[in-house]
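Chemist: quick one: sequence and predicted model below, then my questions.
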Amino acid sequence: DTSYCYVYLDDYTGEGQGTRRVAADALKFSAEVTYLPRVHTSSTSGSWESYIEILNLSPSPAQGTVNWYRPDGSRYGYQNFSLPARGEISVSTPKGFDGAVVLVSDQDIAAVVRYQRDNKVAAYTGISEANAGTGWGQPGVEIYAPVVMWLPWGSTWRTYLYLQNAGNGPATFDITYYDANGNPRPDCSLRDQTLPLRGSTSYQQTACGTGFYGSARIVSTQPLAVVVLQQEDAYGASMYNAFSSGSATVYLPSLMRDWYNWISSFTVQNLGTSATDVRIRYVRENGEVTERTYPNLLPGASVVIVQNDPNYGVPVVPGGWHGGARLSSTANPPQPLAAIVNQQRTDILSAMSYSGFISGEGTLYGPFTANKYQSGSYCYDSASDIQNLSPTDATNVTRRYYDQGGRLRYTTTPAPIPPEGAVCFYLPAEGVAQGVYSLQATRSNAVPIAGIHNIARLTLSGGVCGGETGGDYGASYNLVQRP
């Protein structure tokens, strides 16, 4: 009976304690586990709700389970799922649930959480050991969040750290907050915090005081999965995956200046023990290169660089600037860096964010790829930004779009991307029929690629999905990487 292969309370595989079932054992030893540290749906209409998008990356059918866990680690409920090869499912969260989710599947999957309410949309990518080497996509015992804040610059921006125990026992951990200069803040840092097995919790930085802008480092006795919610009263909300490691080189697949009313900034943090200059190599979509250097980033310190900064940003160009960047430590030895990007559309006050990349692969996957897709009182559009991480070789990227049943619906003409450049692929311009799909992107030669996916939630007008207007919101998430 294949129903026994699904996750249950005791061992993630459907076996009750003290029982032995062959199908459950088969899944137990081949399962992929994905952690979702923040999943919540309010009982109040118009408030927060979570949708889990699950994509089967395998050419074989997948079976698995969505497991909802309360903050204390006790099980709230579960939902079994079956997916055809390359198929996708959207799972709604029960009303009133507040906690975290563990996904288990017998095939390789990608998962994304859409976290939204009436006036905010955010998203993040699920955390799994299958994402080893990405920095942003796997659990860790040492976690870095380059941006945490509490009402800085006279604004209402604030952050929430969401932590989930991804280990095999209770976790004890410390959270150290740092100001933007890299100085520890012992007055608001936390020691000897605990989290039960499968438990979850959240932290705000209120104790650091109004005006605080800095970073966080978490050290734990068990691996943790961590995401960060950035929220502001007028500009909306966004989420990013925290980092289990950094790298001397970081890639940013989407940066903008005055591009369709978008402006971006990135925050880069020095995770090392020595000061370093940070070399910034911007590459526009057409291959034009702009190089800058930010001097003397101290250990633990972070800096925000807006793309209209005259010293460290990109030039003014007709039609606006769009492309990618490589950040490099020039110290000897090089120091590890981590970076996140915040993007804002200034005319409709929409904010999005994503985590920088320390590596790439040959294939990228993105669930919930939409072209005028109507759901409830909204419709959705999307675009993908893909970067070629090779410093010397150009590549061509082909995009394949699959429907939720796993059927290939459209294959694009390969598009060129210059060395370290990034290109935006707007789904309504790709030639795909209206609807919802998943993305698979591949490159033409042995160069690594990385990318993000952007979702625009648009308001229906007379039942018609129109262009972006005030009251529309967007979100970004990191595309899942595989060889």
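Modeler: That came in fine, so what should we check first?
Chemist: after the lowest-mean-pLDDT helix or strand in the chain, which helix or strand is next?
Modeler: Between all helices and strands in the chain, the lowest mean by mean pLDDT, DSSP states H and E belongs to helix 22-28, at a mean of 41. Where DSSP states H and E defines the elements, the next helix or strand beyond helix 22-28 is strand 32-40.
Chemist: which strands border that following strand, and is each parallel or antiparallel?
Modeler: Sheet pairing of strand 32-40 (DSSP bridges) gives strand 98-105 (antiparallel), strand 127-128 (antiparallel).
Chemist: among these, which is the most enclosed?
Modeler: Among the strands paired with strand 32-40, strand 127-128 has the highest mean neighbour count (mean count of other Cβ atoms under 10 Å), at a mean of 27. C-beta here means a position set from N, CA and C on the backbone, and glycine is covered the same way.
Chemist: tell me which helix or strand comes right after it.
Modeler: strand 140-150.
Chemist: so which bits of that following strand are buried?
Modeler: By neighbour count with 16 or more other Cβ atoms under 10 Å, strand 140-150 contains the buried residues 140-141, 143-150.
Chemist: on that earlier part again, out of the strands paired with strand 32-40, nearest to Ser461?
Modeler: strand 98-105 (33.2 Å; Cβ to Cβ).
Chemist: next one: that closest one to chain centre, how far?
Modeler: How far strand 98-105 lies from its chain's middle: 16 Å, per Cα atoms, centre = their mean, to the nearest Å.
Chemist: right, and the helix or strand after that strand?
Modeler: Next element after strand 98-105 (DSSP H and E): strand 109-117.
Chemist: export that next one as PDB, just CAs?
Modeler: Below are the C-alpha coordinates for strand 109-117, written out as PDB (Å, rounded to 0.1, in the frame of the first residue of the first chain):
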ATOM      1  CA  ILE A 109      12.000  18.500  -5.900                       C
ATOM      2  CA  ALA A 110      12.100  22.300  -5.800                       C
ATOM      3  CA  ALA A 111       9.800  24.200  -3.400                       C
ATOM      4  CA  VAL A 112       8.900  27.900  -3.200                       C
ATOM      5  CA  VAL A 113       6.700  29.600  -0.600                       C
ATOM      6  CA  ARG A 114       4.500  32.500  -1.700                       C
ATOM      7  CA  TYR A 115       3.700  34.500   1.400                       C
ATOM      8  CA  GLN A 116       1.100  37.200   0.700                       C
ATOM      9  CA  ARG A 117      -1.700  39.300   2.000                       C
END
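Chemist: the inter-axis angle of that strand versus strand 32-40?
Modeler: 0 degrees (axes from the mean of the first three to the mean of the last three Cα atoms, to 10 degrees).
Chemist: partner strands of strand 109-117, with direction?
Modeler: Partners of strand 109-117 in its sheet, by DSSP bridges: strand 49-56 (antiparallel), strand 120-125 (antiparallel).
Chemist: so how far is that strand from its chain's centroid?
Modeler: 9 Å.
Chemist: how about the strands of the stretch 251-400 of the chain, start to end?
Modeler: 262-270, 276-284, 289-297, 302-306, 321-329, 337-345, 350-355, 363-371, 373-375, 378-388, 395-402 (DSSP state E, counting those that start in this stretch).
Chemist: how about residues contacting the second one?
Modeler: Applying Cβ atoms under 8 Å, 6 or more residues apart in numbering, the external contacts of strand 276-284 come out as 255, 268, 270, 289-297, 303, 305, 312, 314, 317, 321-331, 334-335, 337, 418-422.
Chemist: filter those to the buried ones?
Modeler: Using 16+ other Cβ under 10 Å as the burial test, the contacts of strand 276-284 include 255, 268, 270, 290, 292, 294, 297, 303, 305, 312, 314, 321-329, 331, 335, 337, 418-422 as buried.
Chemist: dump the strands paired with strand 32-40 into a markdown table; add distance to Ser359 and mean pLDDT as well.
Modeler: Formatted as a markdown table, those follow (distance: least, Cβ to Cβ, whole Å; pLDDT from 0 to 100):
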| stretch | distance to Ser359 | mean pLDDT |
| --- | --- | --- |
| strand 98-105 | 23 | 98 |
| strand 127-128 | 15 | 98 |
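Chemist: could those go into a markdown table alongside distance to Val432?
Modeler: Converted to a markdown table, these look like this (distance: least, Cβ to Cβ, whole Å):
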| stretch | distance to Val432 |
| --- | --- |
| strand 98-105 | 26 |
| strand 127-128 | 28 |
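Chemist: who wins for proximity to Lys372 among the ones you listed?
Modeler: strand 98-105 (28.7 Å).
Chemist: tell me the pLDDT of the residue nearest to Gly140 when sequence neighbours are not counted.
Modeler: Counting by Cβ to Cβ, 6 or more residues apart in numbering, Gly140 lies nearest to Ser244, which is 2.7 Å off, once chain neighbours are set aside. For Ser244, the pLDDT comes out at 97.
Chemist: run a quick neighbour tally on Ser350.
Modeler: Other residues lying near Ser350 total 25 when counted by other Cβ atoms under 10 Å.
Chemist: kindly report the same for Ser353.
Modeler: 29.
Chemist: would you confirm that it contacts Tyr240?
Modeler: Yes. Counting by Cβ atoms under 8 Å, Ser353 does reach Tyr240; the two are 4.8 Å apart.
Chemist: and for those two, which residues touch both?
Modeler: Shared contacts of Ser353 and Tyr240, counting by Cβ under 8 Å, 6+ apart, come down to 230, 340.
Chemist: follow-up on the earlier one: got CSV for the strands of the stretch 251-400 of the chain, with distance to Gln205 and mean pLDDT too?
Modeler: Listed next are those as CSV, based on distance: least, Cβ to Cβ, whole Å; pLDDT from 0 to 100:
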stretch, distance to Gln205, mean pLDDT
strand 262-270, 15, 97
strand 276-284, 25, 98
strand 289-297, 22, 98
strand 302-306, 14, 97
strand 321-329, 25, 98
strand 337-345, 16, 96
strand 350-355, 17, 93
strand 363-371, 30, 97
strand 373-375, 34, 90
strand 378-388, 30, 95
strand 395-402, 39, 98
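Chemist: now these in TSV, please, with extra columns for distance to Ala122.
Modeler: Below are these laid out as TSV (distance: least, Cβ to Cβ, whole Å):
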stretch	distance to Ala122
strand 262-270	17
strand 276-284	27
strand 289-297	28
strand 302-306	20
strand 321-329	22
strand 337-345	12
strand 350-355	8
strand 363-371	13
strand 373-375	17
strand 378-388	14
strand 395-402	24
